[in-house]
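>>> Attaching a predicted model along with its sequence, questions to come.
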Amino acid sequence: MGNGTGFVVAVDVGTSKVCAVVGRRTPDGVDVVGFGTHESRGLRKGQVVELEATAESLRAALDEAELMAGIDARNIYVGISSGQQRGRLAEASLRLGSGVVNPGDVDRVLDLARRQVVRTGQEVLHTLPVEFGVDGEAGLRRPAGLSGHWLHARAHVVTTSTQTVQNLSRCADRCGVVVDGMVMETLASSFSTLDRQERERGVVLVDIGGGTTDIAVWHGGAIVHSAVIPYGGDNVTKDIAIGLSTSWDAAARLKEQYGCALTDRADTRSTIDVPGLMGRPSQKMSAALLATIIEPRLDEILRLVRREVELCGYMDVLESGYVLTGGSVVMPGSVELARRALGASIRVGVPVGVGGLLDVVRQPRYAAAVGLLNFVARNRDPSLFYRAPQRGIGARIRTSLKGFIDRIL
């Protein structure tokens, strides 16, 4: 039994939360008709470390979204991010037998590029074309039909560990659902937060999640670099818990209610009650003390982002600057801190491009889930997604997105 005609279920399985979104296809795109979120347990830096705990979090989020949408989900798409994820540029050339580039030639040259970087124990999530060339004529996007003798391709190949996709598949299997495909989270987020002009002129999408910070560098309408930094909002929470000698839950609540990313913008007049550990009495402290803990860690994460972008060689061609999304960017002062750390124009990316319950999901923390929903729902050709041959152990989950990318650019 599937999800029902016209329904799509997208799930962001993050380190701090699991978010499930149900969409119904419409003539204009997709409407959000169901939404559920639950605290994530059993994950560390995007990796499943406790199977049952992760499955319970996934099931709880799905139950809430299903109830709201009035459907019984059986097939889902999953956004994926982990410290095991890698993005690499690969190149390959193919001699044309017929003297004309046909679609099969394009597939074969991309497969050759993909083989340049994949290793044992890895799964290829995406092979994303950057550009093609025919007989030395470079910078082509759709070479099919052109005459020539040699076809050249540059592609951004995204891999992750086989263990990562197998463990997520096992969690879904325990929840009674089938994973139809997995999508790199920054690719998904890009289609809910970036516009075509930004992707063309050059932009960096930075998704600051709980356990990781994900980066996607766009230029010329293609992703030319991606990376996962193993630090995120949970590191800020941990610093608060240690610095104020309080519990993790209390630190998370204090960060959300009173956190400020800049010390010089913090409220020095307000005080906060900080619960003590192990039955110790609470203490009153200045709310500004939080900022002295938050700013150094968030600044460190942002400077790691800048270093990653500098190393990939596209720093000087990013006309559209940076777009920040994820739960941590709503904190007061975060945009100004990012502007200082990154030295470029900054804006906050919120999900757009869907209808229905947009007011519910129009928050940076839901960019990946909504982007994934939008991405899948607008793709009418199921052959563009690799289908898992079986549920549970050993299912090879891989998504081929070349055709869809070509159509939207």
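Yep, that arrived.
>>> Every contact and neighbour count from this point should use C-alpha atoms.
Noted.
>>> from the chain's centre, how far out does the helix or strand harbouring Gln197 sit?
For Gln197, the element it lies in under DSSP states H and E is helix 196-201. Here helix 196-201 shows a centroid-to-chain-centroid distance of 18 Å under the convention CA atoms, centre = their mean, to the nearest Å.
>>> what's the model's confidence in that helix, averaged?
Computed over helix 196-201, the mean pLDDT rounds to 94.
>>> next structured bit after that helix?
Downstream of helix 196-201 (by DSSP H and E), the next one is strand 203-208.
>>> Report the contact partners of Ala153.
91-93, 109-110, 113, 129-133 (CA atoms under 8 Å, 6 or more residues apart in numbering).
>>> So which of those belong to helices?
109-110, 113 (DSSP state H).
>>> May I see the PyMOL selection of the buried members of those?
Restricted to buried positions by 16 or more other CA atoms under 10 Å, the PyMOL selection for the ones in helices among the contacts of Ala153 reads:
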select buried, resi 109+110+113
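>>> Export the ones in helices among the contacts of Ala153 as TSV, with columns for pLDDT.
Formatted as TSV, the ones in helices among the contacts of Ala153 follow (pLDDT from 0 to 100):
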residue	pLDDT
Val109	96
Leu110	94
Ala113	94
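>>> Would you mind giving the ones in helices among the contacts of Ala153 as TSV with distance to Tyr231 added?
Listed next are these as TSV, based on distance: CA to CA, whole Å:
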residue	distance to Tyr231
Val109	36
Leu110	32
Ala113	30
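>>> With respect to Asn102, which of the ones in helices among the contacts of Ala153 is nearest?
Val109 (11.1 Å; CA to CA).
>>> for the stretch 301-409 of the chain, what spans make up the helices?
Ranges of helices in the stretch 301-409 of the chain, per DSSP state H, counting those that start in this stretch, are 334-342, 358-361, 367-377, 402-408.
>>> hey, which of the ones you listed is tucked in deepest?
helix 367-377 (a mean of 29; mean count of other CA atoms under 10 Å).
>>> mean confidence for that one?
For helix 367-377, mean pLDDT is 89.
>>> what's next to it, contact-wise?
8-12, 19-25, 29-30, 77-79, 183, 185-186, 188-193, 325-326, 349-351, 353-354, 361.
>>> same thing with stretch 266-276?
244-247, 250, 260, 281-288, 291.
>>> what ranges of the stretch 301-409 of the chain fall below the confidence cut-off?
For the stretch 301-409 of the chain, applying pLDDT under 70 flags the ranges 379-409.
>>> at 50 instead, please
Within the stretch 301-409 of the chain, the stretches with pLDDT under 50 are 381-409.
>>> Tell me which stretches of the stretch 1-150 of the chain form helices.
Under DSSP H, counting those that start in this stretch, the stretch 1-150 of the chain gives helices at 51-69, 103-115.
>>> Please identify which of those helices is closest to Val236.
Comparing the helices of the stretch 1-150 of the chain by CA to CA, helix 51-69 comes nearest, at 22.4 Å.
>>> Only the C-alpha atoms, please, for the closest one, written as PDB.
Output of helix 51-69 as PDB, limited to C-alpha atoms (Å, rounded to 0.1, in the frame of the first residue of the first chain):
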ATOM      1  CA  LEU A  51      18.700   2.000  15.800                       C
ATOM      2  CA  GLU A  52      15.600   1.600  18.000                       C
ATOM      3  CA  ALA A  53      15.800   5.200  19.300                       C
ATOM      4  CA  THR A  54      16.100   6.600  15.800                       C
ATOM      5  CA  ALA A  55      13.200   4.500  14.600                       C
ATOM      6  CA  GLU A  56      11.000   5.700  17.400                       C
ATOM      7  CA  SER A  57      11.700   9.300  16.600                       C
ATOM      8  CA  LEU A  58      11.000   8.700  12.900                       C
ATOM      9  CA  ARG A  59       7.700   6.900  13.700                       C
ATOM     10  CA  ALA A  60       6.600   9.700  16.000                       C
ATOM     11  CA  ALA A  61       7.100  12.400  13.400                       C
ATOM     12  CA  LEU A  62       5.400  10.300  10.700                       C
ATOM     13  CA  ASP A  63       2.400   9.600  13.000                       C
ATOM     14  CA  GLU A  64       1.900  13.300  13.500                       C
ATOM     15  CA  ALA A  65       2.200  14.200   9.800                       C
ATOM     16  CA  GLU A  66       0.000  11.300   8.800                       C
ATOM     17  CA  LEU A  67      -2.800  12.200  11.200                       C
ATOM     18  CA  MET A  68      -2.800  15.800  10.000                       C
ATOM     19  CA  ALA A  69      -2.800  14.800   6.300                       C
END
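>>> Are there helices or strands packed against that helix, and which ones?
strand 17-26, strand 29-39, helix 162-174 (3 or more CA pairs under 8 Å, 6 or more residues apart in numbering; DSSP states H and E).
>>> Please repeat the previous calculation with a cut-off of 10 Å.
When contacts are defined as 3 or more CA pairs under 10 Å, 6 or more residues apart in numbering; DSSP states H and E, helix 51-69 packs onto strand 7-13, strand 17-26, strand 29-39, strand 43-44, strand 47-48, helix 162-174.
>>> Just the buried positions in it, please.
51-66, 69.
>>> go on, stretch 320-331?
Residues 320-331 are the ones in stretch 320-331 that count as buried (16+ other CA under 10 Å).
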